[in-house]
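In: Need the 3D shape of this:
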Amino acid sequence: MNAMMRVQQWAPGLLVTLCSVQAPLARAEWTANVGYHNPVDATIGLNLLYFGKPWAFEVGLGWIDASTDKTTTTDKNSSTKTKTTGGSVAAAGDVDVKYLFGTSKFRPYVQAGVGIGIGAGAGSSAGLGASAGGLFAGIGLMLGNPGFYGYGAYNSDKYGNTFAQGGLGVSL
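Out: Numbers count the residues shown, from 1 in each chain. The predicted model follows:
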């Protein structure tokens with residue numbers, strides 16, 4: 001088993017552990033932000049950021065897709081009928097943790113995260129699923145305070161692809 005596969009196996013558990021252990025210790029407030037490539041696979045995403053000292057925890061929604069399954073029948077009189085036989089909904093985003101250096105309005109940070117997805121279907125598309133993958137890490141800069149801030153980051157994923165993120169946020 002190569003090193004990256006081992007990291008992929010324990011990284012989601014490590015992120016959850018860090019979040020659950022550090023969150024009660026951190027002084028923080030909730031903020032909302034709109035980000036470019038945040039979550040990773042979204043062009044534009046919506047995020048909730050627990051803005052802490054020194055840890056910040058973020059969960060984002062990148063896209064939602066809903067569809068219906070339809071069956072079309074034609075009877076002997078050439079009459080066409082369409083019937084909905086089921087449907088599905090899916091959503092994807094990411095979860096990440098940031099370590100903020102400093103407490104001023106100029107805060108460099110390092111981050112690591114994982115992409116997440118959920119889906120459910122009914123009728124002919126019956127099923128339920130969830131997944132985590134797409135581990136990424138990077139460096140960034142947070143400017144401002146929790147009341148109003150901007151951020152930018154440069155990241156790399158497990159395949160060596162690089163991407164930039166940026167956005168604006170406000171306190172909730």
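In: For the residue nearest to the spatial centre of the chain, which non-adjacent residue is spatially closest?
Out: By Cα atoms, centre = their mean, the chain has its centre lying nearest to residue 94, at 1.9 Å. Counting by Cβ to Cβ, 6 or more residues apart in numbering, residue 94 lies nearest to residue 39, which is 4.0 Å off, once chain neighbours are set aside. Any C-beta I mention is one placed from the backbone N, CA and C, and that applies to glycine too.
In: surely that neighbour meets residue 93?
Out: Yes: here residue 39 lies in contact with residue 93, judged by Cβ atoms under 8 Å, at a distance of 4.4 Å.
In: the more surrounded of the two?
Out: Comparing residue 39 with residue 93 by neighbour count (other Cβ atoms under 10 Å), the higher total belongs to residue 39, at 27 against 24.
In: Please name the residues that touch the more buried one.
Out: Residue 39 makes contact with 45, 47, 60, 61, 62, 92, 93, 94, 115, according to Cβ atoms under 8 Å, 6 or more residues apart in numbering.
In: what do you get if the cut-off is 6 Å, keeping everything else the same?
Out: Residues counted as contacts of residue 39 (Cβ atoms under 6 Å, 6 or more residues apart in numbering) are 45, 60, 62, 93, 94.
In: now do residue 42
Out: Residue 42 neighbours (Cβ under 6 Å, 6+ apart): 62, 63.
In: pLDDT value on residue 165, please?
Out: Residue 165 is assigned 95 on the pLDDT scale.
In: what about it, how many residues close to it?
Out: 21.
In: How about residue 152?
Out: 15.
In: helix/strand/coil for it?
Out: Secondary structure, DSSP: H, G, I helix; E, B strand; the rest coil: residue 152 is strand.
In: So what pairs up with it in the strands?
Out: Per DSSP bridges, the residues bridged to residue 152 are residue 141, residue 166.
In: these two touch, right, it and residue 167?
Out: No: counting by Cβ atoms under 6 Å, residue 152 stays clear of residue 167, with 8.2 Å between them.
In: And the strands in this structure, which stretches?
Out: 29-36, 44-51, 55-74, 80-100, 106-123, 127-145, 148-157, 162-171 (DSSP state E).
In: Quick check: which of these is buried the most?
Out: With neighbours taken as mean count of other Cβ atoms under 10 Å, the strands of the chain reach their highest mean count in strand 44-51, at a mean of 20.
In: And for stretch 69-76, what's in contact with it?
Out: Stretch 69-76 has contacts (Cβ under 6 Å, 6+ apart) with 80, 81, 82, 83, 84, 85, 86, 124, 125.
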